[in-house]
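Asker: Have a look at this fold, sequence not included:
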């Protein structure tokens, strides 16, 4: 289906009105529970630290890094929902509260993200889609995907992101969430303009992270803060990659969210790490971006019952699907080479 589908063809006006009603209480729960898990993770490491052998300390730190990275992704999804004004009914909560509590702790900006993300929705899967580079190159080989995952877990991807964020906040590069590099004009700019712009644009991120460090310091465990940037540099990029792959990679180039976007099945493990805040219902989100997260499962069920949504794959199945395309191409090339060789003989 390559034609753009109107939601009024899928739902009645009464259903659309009911599905698109946000809730402050659900938004407070989503933000509060995310920070509760973050706090409980730090507390769990702190309370168990003195009772564990060295290998146990290493293990619990690895688990904590994975959980914290999952909650960093949750903060990113909360920022994403607020950019659509669907997380809270109250506007200032979407704009200001989420900016301070969700975007800034992960070095982001809800206002810049909103402007960027609206273009993604308007131009999904087209050459003008600003997020296309996040899913370019799929399908690919299993070895290629493994190399990408290794770069994520070893911090290579995270360090590249940090370098990019520094250049963006210094206004040397155009702001983006993807991997694109667009240099901004530097004429008539003095050297001191760059650090001034950096501290202006990064001050809230620095402030929120300093606050987190001070809270842990006041609790007697300042070193635990290191788990936060460690998660940000390693597991967080991996979870972002898997989430991006599941949403759009390998889908059709079309004007229809029914074919250019994928919904993925997510159990509790997936929801913990790669699919928080119901972000796995991504086809539904692209059909109606103002539907709040807690109503997306209902919307999905309605689409399934009406024959517009297929049985969604799991994240493991998506990774397997996206690791087959290039292998098949290589097999075709191999068979063609064998055929030519046979003819020559």
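Answerer: Good, I have the coordinates. Just so it is clear, the model here is predicted, and its values are computed rather than measured.
Asker: Give me the residue ranges of the protein where confidence is low.
Answerer: 1-4, 179, 325-345 (pLDDT under 70).
Asker: Mind jotting down where the strands sit in it?
Answerer: Along the chain, no segments are classed as strands by DSSP state E.
Asker: centroid residue for it?
Answerer: For the chain, the residue nearest the mean C-alpha position is residue 240 (4.3 Å; CA atoms, centre = their mean).
Asker: Apart from its neighbours in sequence, what residue is nearest that residue?
Answerer: Using CB to CB, 6 or more residues apart in numbering and skipping residues adjacent in sequence, the residue nearest residue 240 is residue 73, 6.5 Å away. (C-beta placed from N, C-alpha, C; glycine too.)
Asker: burial count for the one you found?
Answerer: 28 (other CB atoms under 10 Å).
Asker: unless I'm mixing things up, it is touching residue 271, no?
Answerer: No - using CB atoms under 8 Å, residue 73 is not in contact with residue 271, being 10.5 Å away.
Asker: Identify the residues contacting stretch 16-36?
Answerer: Contacting residues not belonging to stretch 16-36 are listed as 7-8, 11, 71, 74-75, 78, 81, 85-90, 93, 97-98, 101-102, 276-277, 288, 290-295, 298-299 [CB atoms under 8 Å, 6 or more residues apart in numbering].
Asker: Could you work out the end-to-end span of stretch 127-147 for me?
Answerer: 26 Å (CA to CA, to the nearest Å).
Asker: Hmm, I typed the wrong one, I wanted stretch 242-257.
Answerer: Taking CA to CA as the measure, stretch 242-257 stretches 19 Å from start to finish.
Asker: Distance from that stretch to the middle of the chain?
Answerer: Using CA atoms, centre = their mean, to the nearest Å, the mean C-alpha position of stretch 242-257 is found 14 Å from that of the whole chain.
Asker: Then stretch 92-112?
Answerer: Per CA atoms, centre = their mean, the centroid offset for stretch 92-112 relative to its chain is 15 Å.
Asker: what separates residue 238 from residue 118, distance-wise?
Answerer: Going from residue 238 to residue 118 by CB to CB, to the nearest Å gives 27 Å.
Asker: Who has more neighbours out of the two?
Answerer: residue 238 (22 against 14).
Asker: Setting aside sequence neighbours, what's the nearest residue to the more buried one?
Answerer: Closest residue in space to residue 238, ignoring its immediate chain neighbours: residue 152 at 3.8 Å, by CB to CB, 6+ apart.
Asker: who touches the one you found in this structure?
Answerer: Here residue 152 is in contact with 158, 234, 235, 237, 238, 241 (CB under 8 Å, 6+ apart).
Asker: which residues does the last one contact?
Answerer: Just to be clear, that refers to residue 241. By CB under 8 Å, 6+ apart, the contact set of residue 241 is 134, 148, 149, 152, 157.
Asker: do you know how far the closest residue to residue 7 other than its chain neighbours is from residue 163?
Answerer: Spatially, and ignoring its direct neighbours in sequence, residue 7 is nearest to residue 288 (5.4 Å; CB to CB, 6+ apart). To residue 163, residue 288 is 37 Å away according to CB to CB.
Asker: Compare the two (neighbour count), which wins?
Answerer: Legend: neighbour count by other CB under 10 Å for residue 288 and residue 163, higher for residue 288 (19 against 11).
Asker: tell me the phi and psi of that one?
Answerer: Main-chain dihedrals, residue 288, degrees, to the nearest 10: phi -140, psi 100.
Asker: Surely it touches residue 298?
Answerer: No - Residue 288 is beyond contact range of residue 298, at 11.9 Å (criterion: CB under 8 Å).
Asker: Which strands or helices does the lengthiest helix in the chain pack on?
Answerer: Identified as the longest helix of the chain according to DSSP state H is helix 54-83. If contacts are counted by 3 or more CB pairs under 8 Å, 6 or more residues apart in numbering; DSSP states H and E, helix 54-83 sits against helix 24-49, helix 98, helix 110-122, helix 227-233, helix 235-248, helix 268-273.
Asker: Tell me which of those helices sits most buried.
Answerer: Sort those by mean neighbour count, taking mean count of other CB atoms under 10 Å, and helix 98 sits at the top with a mean of 25.
Asker: now what about that helix, what contacts it?
Answerer: Contacts to helix 98, defined as CB under 8 Å, 6+ apart, come from residues 31, 78, 79, 82, 87, 88, 110.
Asker: wait, the fifth one sits on residue 292?
Answerer: When you say that, I think you mean residue 87. Yes - at 6.8 Å, residue 87 counts as touching residue 292 under the criterion of CB under 8 Å.
Asker: Which residues are in contact with each of those two?
Answerer: Counting by CB under 8 Å, 6+ apart, the residues touching both residue 87 and residue 292 are 22, 27, 81.
Asker: Is the last one in contact with residue 293, as I believe?
Answerer: I take that to be residue 81. Yes - look at residue 81 against residue 293 with CB under 8 Å: they come within range, at 5.8 Å.
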